[in-house]
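**Student:** Coordinates only, no sequence provided:
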C-alpha cells in the first residue's frame, strides 16, 4: 500500500494498539502514523462489549474523518462493505506481490520494494502496470530478474481468470414476518445480477457469483452487500440486523 500523505475521507488499514476509556488507539498501516476512534464511531447504537468489535492486535478498516496537527480521527462504522472488501483485497494482493519480489530478488528485495513504494503510486499498481510495460520494472532490477517476476505475475493472472467469488453474511429480522422481510431484502438488493444465495444456518447466508472477471464479480458482490446493508438499516431498521463476515 502507498505511503502517500493521509487525506480526509481516505480508507485505511489499521491495527488496534490499545483501548483506553472510550477511545480506541490504532496504528495506521504503511503510513507511519497513529489515530484514534471514539466509541460512537466504532459501531452504531450502544456498545455492550467493545471487544466484540476491537481488541489489541486486530486489523480493521477505517475511514479518516479529521486530521489535526497532533492527531487523526477515524471511524470504523462509516466504512461500507465494498470499501472494506476492496482495501482488504488490495492489501492481500500486495502481500502476495511482495512475496514474489522477495523470492526473486532475495537479499536486496527490501531495498527495492522500498524504492518502488517511495517512487511510484503504489507497489500493487506499479506491478500491475509492469505486465503491460515490462521495461518499467527494469529500472529497479536486472532484465533477468524482471522477466522472472513478470512470468510469475502472468501465471497468477491466468489462474484467476475463471473463478467463483463467495462471501458470507448474516441477516436476521426480529419481526413476526422476519423470513419474508429477509427474502425481500435479498431479492431487492440482488435484482439485475446473477448472484446466487445459499442458506447456511439461522440468519447466516452465502453469496456467490461465477465470472471470468474475478475483480468485476467481487465488485458486484460488494455492491449487493452494500444494498443489503442499506435496506436492512434504513428500510427495515427497527427489526433487521446485518453483519458482513470476513
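**Tutor:** Looks like it came in fine. Please read all numbers here as calculations on a predicted model, not as lab measurements.
**Student:** make it CA atoms for all contacts and neighbour counts henceforth
**Tutor:** Fine.
**Student:** Go through stretch 62-75 and flag the buried ones.
**Tutor:** Buried residues in stretch 62-75, counted by 16 or more other CA atoms under 10 Å: 62, 63, 64, 65, 72, 73, 74, 75.
**Student:** Which segments of this structure make up each domain?
**Tutor:** Listed by automatic domain parsing, the domain ranges of the chain are 11-79, 82-159, 163-245.
**Student:** Least reliable of these by average pLDDT, please.
**Tutor:** Between these, the one with the least mean pLDDT is domain 163-245; it has a mean of 87.
**Student:** Might you calculate how far that domain sits from the centre of the chain?
**Tutor:** The chain centre lies 17 Å from the centre of domain 163-245; the measure is CA atoms, centre = their mean, to the nearest Å.
**Student:** Also stretch 92-110?
**Tutor:** Distance of stretch 92-110 from its chain centroid, counting by CA atoms, centre = their mean, is 21 Å.
**Student:** cool, and stretch 74-89?
**Tutor:** 6 Å.
**Student:** List the contacts of the lengthiest helix in the chain.
**Tutor:** Selection of the longest helix in the chain by residue count, based on DSSP state H, yields helix 81-105. If you take CA atoms under 8 Å, 6 or more residues apart in numbering as the criterion, helix 81-105 is touched by 1, 11-13, 61, 109-110, 113, 123-124, 127, 145, 148-149, 152-153, 219, 222-223, 225-226, 244.
**Student:** Buried ones in that helix, by neighbour count?
**Tutor:** Here helix 81-105 shows 81-88, 94, 97-98, 100-102, 104-105 as buried, counting by 16+ other CA under 10 Å.
**Student:** right, and the helix or strand after it?
**Tutor:** Later in the chain than helix 81-105, the nearest helix or strand by DSSP states H and E is helix 109-119.
**Student:** From the contact counts, what lies against that following helix?
**Tutor:** Secondary-structure packing of helix 109-119 (3 or more CA pairs under 8 Å, 6 or more residues apart in numbering; DSSP states H and E): helix 81-105, helix 123-130.
**Student:** if we go to 6 Å?
**Tutor:** Of the remaining helices and strands, none touches helix 109-119 by 3 or more CA pairs under 6 Å, 6 or more residues apart in numbering; DSSP states H and E.
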